[in-house]
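Asks: Return atomic coordinates for the entry below.
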Amino acid sequence: MSSETPLKIAIATNDMEHLDAHFGSARKFAVYEVTTQATRMVEVLDFGAVTDRQGRHASVDDRITPKVEALSGCALLFVLAIGGPSAAKVVRAGIHPIKRKDPQPIAEVLAQTREMLNGTPPPFLRKALGRPRPDFAADDAGEIVE
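Replies: Here you go, the predicted structure:
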């Protein structure tokens, strides 16, 4: 990895090949560090069978909080779906959930994230990366004609 601050992301997966899981029923989260130049798998968070396919919890225990706590330090969380209460917990933990409509290969998610980092990331990501805010006024300062 280069000297730039990597962006830590988590991808909800059941097969370790695709973004293919809802937050509550995801058996695993593949955690990566992403920079403009490279990606590196950091860890796999394995939760086994947490909920059934209909989203009902296997027991009355809170199964969401341990997932949110395990994702600590991630800036982005890619999922197929996430319920309102779970999304609120994720956001409160400083993680930005990103829902995708259809499953897609993890490699594509990583490539899209790198592409975003090479462009102009949104403000919350610039903050997470420790990048300064672009000064658009300074860009135009030399072009003022009176």
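
Asks: Going by C-alpha atoms from here, please, whenever you check contacts or count neighbours.
Replies: Will do.

Asks: Am I right that Leu110 falls within a helix?
Replies: Yes. Applying DSSP: H, G, I helix; E, B strand; the rest coil, one finds Leu110 inside a helix.

Asks: and it, what is it in contact with?
Replies: Val34, Thr39 (CA atoms under 8 Å, 6 or more residues apart in numbering).

Asks: That one and Leu19: what is the separation?
Replies: Leu110 sits 10 Å away from Leu19, taking CA to CA, to the nearest Å as the criterion.

Asks: Same check on Ile11?
Replies: Ile11 is 6 Å from Leu19, by CA to CA.

Asks: Quick check: neighbours shared by the two?
Replies: With CA under 8 Å, 6+ apart, Ile11 and Leu19 have common neighbours Phe78, Val79, Ile106.

Asks: who are the neighbours in contact with the first one?
Replies: Looking back up the chat, that one is Phe78. Per CA under 8 Å, 6+ apart, neighbours of Phe78: Ile9, Ala10, Ile11, Ala12, Leu19, Pro97, Ile98, Lys99, Arg100.

Asks: ditto for the second one
Replies: Contacts of Val79 were listed using CA under 8 Å, 6+ apart, and they are Ile11, Ala12, Leu19, Asp20, Ala21, His22, Phe23, Pro97, Ile98, Lys99, Arg100.

Asks: Point out where this structure drops to low pLDDT.
Replies: 1-2, 49-61, 132-146 (pLDDT under 70).

Asks: what about the residue sitting nearest the centre point of it, distance to Ile82?
Replies: Central residue of the chain (CA atoms, centre = their mean): Leu76, 2.0 Å from the mean position. Leu76 sits 13 Å away from Ile82, going by CA to CA.

Asks: Kind regards, and thank you for your time.
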